[in-house]
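# Following is a predicted model, sequence given first.
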Amino acid sequence: MIKLFDKIPGAAGFIAVCALLSAVSSCKRDLGNYTYTDLNQVHVVSAGNDTFSVRQHDTLTINVTDSQTTASHPLSCRWYLVQATVTNPNPSQNLLDTVQNLHVPITAQIGFYNVVNQVTDKQTGVSFYKYFYLQVMASVQAGEGWLVLQDQSASSGGGDISIILSRDGSSHGAVYNNLYAGANGRKLPAGTYGMYVMNYASTLAMQKLVFAYPGGGTQVRATDYTDSSYSSAWFFDNTGGINIQNNGVVSQGQTEWLINNNQFSYLKVNATTIKTPPILFGVPVLGSWTVSPYIMQYSGLSDAYCAMYDTVHGCFFAVNTSSNNAMVPALPDLPNAHFAPYPAASAANLLPSGKGFDLNNIGKSLVYADNMQTLPYSASSALLWDCFFRSKTQDSTFVIQFPMYLAITNNISTGRYYLDPALCPGINTAAQFAVPTYLPAPGVFYYTNGNNIYTCSLSNTQGASTAAVGYGFPTGTIIKAMKIFKSEYSSPATNPKTPLPLTEGKVLVVATDETAAGNGNNVYFFNLNASGQIISPYADVYTGFDKIVDIRFKKNIGL
């Protein structure tokens, strides 16, 4: 047996022994006279549950009770708004307040958040945290209703928007005014002339609002009307300047198009691209054409097919934006030859007494176009668009029902309707058009001339279509805008399906300037009967607006 110190010689052994004794001594319990104080514990209890929901710009109220194990310690409070999940962006609001009970307007974007209550013991500096779950929903004034764009230059040097919270006039909704200035602290630029509402595929839960003004455009958030981007940042390349003539996306589609300086550009918004903003418009789709401000699309997953009208050569053409902008059909880009020649054997259809039309040779000015069948369209046949054409000399007007489909053939024998001014008073100088969607072809449409709205019933006999005054406003009234209620809900074509309202396509909404008669600026809702006639009197009216520029329906987001 080897003893502990047998192999440690001399001084080295002495040092080792001392170190060992010191270590043993340090293991002995310290029995000194010490006093320990327990840490002050703070508990935060809410007056209700820990889950809250609030609409944007409404006030979030959370009342709490703070209790502590050492009652005499002073406390400080801070409230924070933070991410709820790692996929959510950081909120624009962070520090909400520094009081015990929270009572603050929420301006963060719609989504899910955590509200954190930090309570700090000011004596010890130790903090305690209580988490609450918050859902921020769209504000009431960002919901479903009719947007009213107004010119307020006379009073405030710019423009602004109101919303009427009624989809079809069946109930009288609240009106919220000056939404843009309320959100941004300034007016829309003077001369703002265009307002566009785009509803993408319901699965994306996306809606886009754009305002056009001389030399530019502004996109605002559909949830709170705050500025989102400006036209200077919309393009990969735009050396020709900004002159926005139209902006849109077909119902439930993913191809957004823009007509700028009579050129067609587009972008794709889907579940992939939406994650990597900004999404920019590509270079214009250039060809032999000069594009009119109207685009005829199919709908749903086939919205890549876009038909347009060449205003210089007076002909239709179509492209497939998902196939390198290939011509549809696949022919060379030649003016007045984008489709196969109209069959010689069917030439009688092109006579004045016939109702056919040659897609290669319309030869007139397109003044308006709108869908005459409910969108989104799920039938296997073509989606009809009512296209209103006027001669270069302004002395004749036609409706051509253009069949938009994946394959367009130039042998159409029906769908051209000459509107005889003797039977359709004022048609050659009509200022506004609107097309309902619940009637079979050829259907009816509405147009305005002076202070009157006319209802025109299209006849299967060429030149026999007739129109009559459907409603007359006081003398001197200027009809500023006229739209049909087209909700663009997802039914019937896509899932999840949202039932189309019973009034889909059956309500006419009209904006007027009646200041000449002392009645101000107003928005009217008219119901339409089973044959498309305007039911008088009007269903509802909203008054007190500034000079109205345009009206647009804004549906709830994601439906």
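Yep, that arrived.
# For burial, what's the neighbour tally of G185?
8 (other Cβ atoms under 10 Å). Where you see a C-beta, it was placed from the backbone N, CA and C, and this is true even at glycine.
# give me the low-pLDDT residue ranges for the stretch 51-200 of the chain?
87-89 (pLDDT under 70).
# For it, which segments count as helices?
In the stretch 51-200 of the chain, the helices defined using DSSP state H, counting those that start in this stretch lie at 153-156, 179-184.
# Let me see the domain layout of this structure.
Per the record, the chain has its domains at 42-137, 140-554, by automatic domain parsing.
# Comparing the ones you listed, which comes out most buried?
When the domains of the chain are scored by mean count of other Cβ atoms under 10 Å, the highest mean neighbour count falls to domain 140-554 (a mean of 18).
# Including distance to A84, could the helices of the stretch 51-200 of the chain go into CSV?
Shown next, in CSV, are these (distance: least, Cβ to Cβ, whole Å):
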stretch, distance to A84
helix 153-156, 39
helix 179-184, 24
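# Comparing the domains of the chain, which yields the minimum mean pLDDT?
Note on these: domain 42-137 shows the lowest mean pLDDT, a mean of 87.
# That domain spans what distance, first to last residue?
32 Å (Cα to Cα, to the nearest Å).
# Just give me how far it sits from the chain centre.
Offset of domain 42-137 from its chain centre (Cα atoms, centre = their mean, to the nearest Å): 32 Å.
# so who does G426 touch?
Taking Cβ atoms under 8 Å, 6 or more residues apart in numbering, we find G426 in contact with Y447, N449, G450, N452, Y454.
# still on that earlier bit, do you know which of the helices of the stretch 51-200 of the chain lies nearest A330?
Ranking those by proximity to A330 (Cβ to Cβ) places helix 179-184 first, at 45.3 Å.
# quick one on the thing from earlier: would you mind saying which of the helices of the stretch 51-200 of the chain lies nearest K364?
Using Cβ to Cβ, those put helix 153-156 closest to K364, at 35.0 Å.
# List of residues touching that closest one?
For helix 153-156, using Cβ under 8 Å, 6+ apart, the contacting residues are G159, A181, K187, A190, G191, D546, K547.
# Out of these, flag the one nearest to G48.
Proximity of the contacts of helix 153-156 to G48 was ranked by Cβ to Cβ; the top entry is A181 with 35.2 Å.
# so that closest one touches D160, yeah?
Yes: the pair A181 and D160 qualifies as a contact (Cβ atoms under 8 Å) at a distance of 5.4 Å.
# what is in contact with the two at once?
Residues within reach of A181 and of D160 at once, by Cβ under 8 Å, 6+ apart, are K187.
# circling back: now the contacts of helix 153-156 in CSV, please, with extra columns for distance to G363.
Shown next, in CSV, are the contacts of helix 153-156 (distance: Cβ to Cβ, whole Å):
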residue, distance to G363
G159, 37
A181, 46
K187, 43
A190, 38
G191, 33
D546, 41
K547, 37
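# So which of the residues you listed sit within strands?
Within the contacts of helix 153-156, residues falling in strands by DSSP state E are G159, K547.
# tell me which of the contacts of helix 153-156 is nearest to G169?
So of the contacts of helix 153-156, ranked by how close each gets to G169 (Cβ to Cβ), first place is D546, at 21.1 Å.
# Now for the closest residue to the closest one other than its chain neighbours: which residues touch it?
Taking Cβ to Cβ, 6 or more residues apart in numbering, and ignoring the residues beside it in sequence, D546 has Q150 as its nearest neighbour in space, at 4.1 Å. Neighbouring residues of Q150 by Cβ under 8 Å, 6+ apart: G159, D160, I161, S162, N521, F545, D546, K547, I548, V549.
# just those residues now: which is nearest F316?
V549 (29.9 Å).
# Show me what the nearest residue in space to that closest one that is not next to it in sequence bridges to in the sheet.
Computed as Cβ to Cβ, 6+ apart, the closest residue to V549 that is not its neighbour in sequence is L149, at 4.5 Å. L149 forms beta bridges with I161, D550, as assigned by DSSP bridges.
# right, and L149 touches I161 too?
Yes: with contact defined as Cβ under 8 Å, L149 counts as touching I161 (5.5 Å).
# which residues do those two both contact?
By the contact definition Cβ under 8 Å, 6+ apart, L149 and I161 are jointly contacted by M195.
# Against V197, how distant is the nearest residue in space to N177 that is not next to it in sequence?
Nearest non-adjacent residue to N177, counting by Cβ to Cβ, 6+ apart: S162, 4.5 Å away. Separation of S162 from V197 (Cβ to Cβ, to the nearest Å) stands at 14 Å.
# S365 too?
For S365, the distance to V197 - Cβ to Cβ - is 26 Å.
# For the contacts of Q150, give me JSON lines that also has distance to Q207.
Formatted as JSON lines, the contacts of Q150 follow (distance: Cβ to Cβ, whole Å):
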{"residue": "G159", "distance to Q207": "20"}
{"residue": "D160", "distance to Q207": "19"}
{"residue": "I161", "distance to Q207": "14"}
{"residue": "S162", "distance to Q207": "18"}
{"residue": "N521", "distance to Q207": "26"}
{"residue": "F545", "distance to Q207": "23"}
{"residue": "D546", "distance to Q207": "25"}
{"residue": "K547", "distance to Q207": "26"}
{"residue": "I548", "distance to Q207": "22"}
{"residue": "V549", "distance to Q207": "20"}
